[in-house]
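Chemist: need a structure here:
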Amino acid sequence: DGMSMAQFALRWILMFDAVTCVIPGAKRPSQAEDNALAADAPPFDKQTMARVNEIYERLIRDQVHHYW
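Modeler: Now for the predicted structure:
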């Protein structure tokens, strides 16, 4: 609640121990400020992480994972 989709995605990425930072794009200062708020969001619980990971594996992974 209260998070934009961009903030949610950035917070999800920051949940992984191997990630120390994210470098999102922004066209306006307000977007950069909103993106930075993701770092201050509380960690997601295990249920949220499991659900997002399931969605990623089922719908997204095959389209993007080969890039890294």
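
Chemist: Let's verify residue 17: helix, strand, or coil?
Modeler: Put simply, residue 17 is coil when judged by DSSP: H, G, I helix; E, B strand; the rest coil.

Chemist: next one: phi and psi at it?
Modeler: Main-chain dihedrals, residue 17, degrees, to the nearest 10: phi -60, psi -30.

Chemist: What distance do you get for it to residue 47?
Modeler: Separation of residue 17 from residue 47 (Cβ to Cβ, to the nearest Å): 19 Å. No exception for glycine: its C-beta is placed from N, CA and C like everyone else's.

Chemist: out of the two, which sits in the more crowded spot?
Modeler: Remark: of residue 17 and residue 47, residue 47 carries more neighbours, 8 against 5, as counted by other Cβ atoms under 10 Å.

Chemist: Quickly find the element holding the spatially most central residue of the chain.
Modeler: For the chain, the residue nearest the mean C-alpha position is residue 9 (2.3 Å; Cα atoms, centre = their mean). Assigning secondary structure by DSSP states H and E places residue 9 in helix 5-14.

Chemist: And that helix, what does it pack against?
Modeler: Counting contacts by 3 or more Cβ pairs under 8 Å, 6 or more residues apart in numbering; DSSP states H and E, helix 5-14 packs against helix 29-37.

Chemist: Identify each buried residue in the helix it packs on, please.
Modeler: For helix 29-37, burial by neighbour count (16 or more other Cβ atoms under 10 Å) applies to 34-35.

Chemist: quick check, distance from it to the centre of its chain.
Modeler: Relative to its chain's centre, helix 29-37 lies at 14 Å (Cα atoms, centre = their mean, to the nearest Å).

Chemist: got the angle between that helix and helix 5-14?
Modeler: In terms of direction (axes from the mean of the first three to the mean of the last three Cα atoms, to 10 degrees), helix 29-37 departs from helix 5-14 by 40 degrees.
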